[in-house]
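# what shape does this take:
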Amino acid sequence: MERRHSQTIDPDRRRGRGAVSNHSGRFDLARVEENDGWEIAEERSGFRTELTLEAARSMITRNTSPDIPFDRSINPYRGCEHGCVYCFARPTHAYLGLSPGLEFETKLVGRPNAAEVLERELRRKNYRVDTLAVGTNTDPYQPVEREQGIWRACLKVLRDFKHPLGIVTKGTLIERDIDILSEMARDGLVHVGISVTTLDPQVARAIEPRVPSPARRLKTIEALSAAGIPVRAMMAPVVPSITDHEIEAVLAAGRAAGAEAASWIMLRLPREVSELFQEWLSEHFPDRAARVMARVREMHDGADYSSEWGKRMRGEGHYAQMIAARFDVALKRQGLHKHLPSLRRDLFCPPLAKGDQLALF
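Prediction:
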């Protein structure tokens, strides 16, 4: 009989974290009860971030989804310290035997040889260039990157190969890499999406506990735009009855900061994310938890989530249609585009590798 680990964590221990619990993933069949029979209060420390390093065997991940505008991506890290409770990537931690809950935020995996492996893959004779995406699963600019520099090493490889790149991030650490990104932007090789889910700092702190404040992210849009880097403001996700009233304000703030385009995605609750999000709702927004989930289920034919292509990113029904219409009107009012300009692929050229002979003629 399948048994799952169930662990609701004391609020003081998980201060500054997104998930309320640490339920095990769907592949963990053992159930562990943390109760030794002694009814004695025990002082326990908070959750510290732990980083494990692993040697990557491959870096480029392929997909065939018609819902997204790229067919390949890379992930320098597994797990994400930002702790966004709605993150659709949380279930991937179950493949590592870890919890999609607090362990997704606190037990991270870095790939220090990522740049080396990426370069090897780009040099393959059968490689065909197209836009490479990063930040679509876990954020390359999460706090551990400041010390590790794994993503910056990958970025240097992409610059040297003149490879088109699309970045999605909430991390203001991206400003560190403006030197490389502005160089790539001059050649039409990069654009950036900055996720601004809400302008309310209290809501942001609750739903994205270790992400820089909304005001600070807008400053990042300003800095990138001033450096000539095309930026898209992303309201990803729109959370029914919590952030949906801010669509117009978020787009206006993004435009004022220098964004050229804007996009949105509806809240998605695949697999373990649904339980985690509902626990979070009950704690932070008990007055509207039922209303939020009613909207979510309305968009997915009564279910918490539907993975059907063409519907999973936006949902369907009257509420989803209303959000789409409001976004389109706000987009036009602010003079924002739906998409940033296409990136160049014709410049791709693997540089000479160490030990290669220089061509004389």
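# which helices and strands does the longest helix along the chain pack with?
Longest helix of the chain, by residue count under DSSP state H: helix 318-334. Judged by 3 or more Cβ pairs under 8 Å, 6 or more residues apart in numbering; DSSP states H and E, the packing partners of helix 318-334 are helix 247-257, strand 261-266, helix 289-298. Bear in mind the C-beta positions are built from the backbone N, C-alpha and C, glycine included.
# that one to helix 247-257, inter-axis angle?
Interaxial angle of helix 318-334 relative to helix 247-257 (axes from the mean of the first three to the mean of the last three Cα atoms, to 10 degrees): 30 degrees.
# I180 contacts C154, doesn't it?
No: under the contact definition of Cβ atoms under 8 Å, I180 does not touch C154, with a separation of 10.6 Å.
# what are the boundaries of the helices in the stretch 151-300 of the chain?
Here the stretch 151-300 of the chain has its helices, by DSSP state H, counting those that start in this stretch, at 178-186, 201-207, 214-226, 247-257, 272-284, 289-298.
# JSON lines for these, including mean pLDDT?
Shown next, in JSON lines, are these (pLDDT from 0 to 100):
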{"stretch": "helix 178-186", "mean pLDDT": "98"}
{"stretch": "helix 201-207", "mean pLDDT": "96"}
{"stretch": "helix 214-226", "mean pLDDT": "98"}
{"stretch": "helix 247-257", "mean pLDDT": "98"}
{"stretch": "helix 272-284", "mean pLDDT": "94"}
{"stretch": "helix 289-298", "mean pLDDT": "97"}
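# V144: which of the ones you listed is closest?
With respect to V144, and counting by Cβ to Cβ, the nearest of the helices of the stretch 151-300 of the chain is helix 214-226 at 18.4 Å.
# isn't there a helix covering C84?
No: for C84, which was evaluated using DSSP: H, G, I helix; E, B strand; the rest coil, the result is coil, with no helix membership.
# so who does it touch?
By Cβ atoms under 8 Å, 6 or more residues apart in numbering, the contact list for C84 reads 18, 170, 207-208, 211.
# can you pull the pLDDT of it?
Per-residue confidence at C84 stands at 95 (pLDDT).
# I180 and C154: which has the busier surroundings?
More neighbours surround C154 than the other of I180 and C154, with 24 against 16 (other Cβ atoms under 10 Å).
# please, which helix or strand holds the closest residue in space to the more buried one that isn't next to it in sequence?
In this structure, C154 finds its nearest non-sequential neighbour in A115, 4.8 Å apart by Cβ to Cβ, 6 or more residues apart in numbering. In this assignment (DSSP states H and E), A115 forms part of helix 114-122.
# list the buried residues in that helix.
Taking 16 or more other Cβ atoms under 10 Å as the neighbour-count basis, helix 114-122 is seen to contain the buried residues 114-115, 117-119, 122.
# mind listing what the residue lying closest to A185 once chain neighbours are set aside touches?
On the basis of Cβ to Cβ, 6+ apart, the spatially nearest residue to A185 that is not a chain neighbour turns out to be I229, at 4.5 Å. Residues in contact with I229 (Cβ under 8 Å, 6+ apart) are 178, 181-182, 185, 190-192.
# which of those residues count as buried?
Members of the contacts of I229 classed as buried by 16+ other Cβ under 10 Å are 178, 181, 185, 190-192.
# could you identify the most distant pair in the residues you listed?
Using Cβ to Cβ, these span at most 13.7 Å, a distance reached by I178 and H191.
# any regions of this structure where pLDDT drops low?
Within the chain, the segments meeting pLDDT under 70 span 1-46, 354-361.
# go through it and flag its longest strand.
Once the chain is assigned using DSSP state E, the strand that runs over the most residues is strand 231-238.
# what sits up against it?
86, 168, 191-197, 221, 224-225, 243-244, 246-247, 250-251, 253-255, 257-268, 323, 327, 336, 340.
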